[in-house]
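Trainee: here's my sequence, what's the structure:
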Amino acid sequence: MAGAKLYYRIKEVAHLLGEQVSTLRHWESEFPHLAPAHCDKGARRYTQQDIENIRTVQYLLRVRKFTIEGAQDELKRTKKRLDTQLDTLTRLRQIRERLLELRTQLEP
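Mentor: Got it, this is the predicted structure:
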């Protein structure tokens, strides 16, 4: 199933992840980043990225045994950590570019 389609219905995703449809709906109400698109008739349309986001929540709740609140906090911490890493990487690339420019200017 994975990779073969652009969009999946909620029943397909529930089956794929071994969860109940009602569980996925509940998680959507608790985790704002779990927000699949809806078609004109209101049915949820999950992308592969949506499924990966759900897998992350599922891992935190089922494997790591976090509470809903604990999983929310962990996702916030992870996002902050990733944002910090991205910011650091961006700054390092800018410094590297500037150093390369300076080297070019200093070479005879």
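
Trainee: where along the protein do the strands fall?
Mentor: 37-38, 44-45 (DSSP state E).

Trainee: deepest of those strands, which one?
Mentor: Comparing the strands of the chain by mean neighbour count (mean count of other Cβ atoms under 10 Å), strand 44-45 ranks first with a mean of 17. The C-beta positions use only the backbone N, C-alpha and C, and glycine is treated the same way.

Trainee: what comes into contact with that strand?
Mentor: 7-10, 36-39 (Cβ atoms under 8 Å, 6 or more residues apart in numbering).

Trainee: what is the nearest of these to Leu75?
Mentor: Ranked by distance to Leu75 (Cβ to Cβ), those are led by Pro36 at 17.0 Å.

Trainee: residue contacts, that closest one?
Mentor: 10, 28, 44-47, 50.

Trainee: to Thr90, which of the strands of the chain lies closest?
Mentor: strand 37-38 (29.3 Å).

Trainee: by contact count, what packs against the closest one?
Mentor: strand 44-45 (3 or more Cβ pairs under 8 Å, 6 or more residues apart in numbering; DSSP states H and E).

Trainee: run me through the strand neighbours of the strand it packs on, direction for each.
Mentor: strand 37-38 (antiparallel) (DSSP bridges).

Trainee: among the contacts of strand 44-45, which lie within helices?
Mentor: Those of the contacts of strand 44-45 mapping onto helices are Ile10, per DSSP state H.

Trainee: nearest to Thr104, of the contacts of strand 44-45?
Mentor: Ala37 (47.1 Å).
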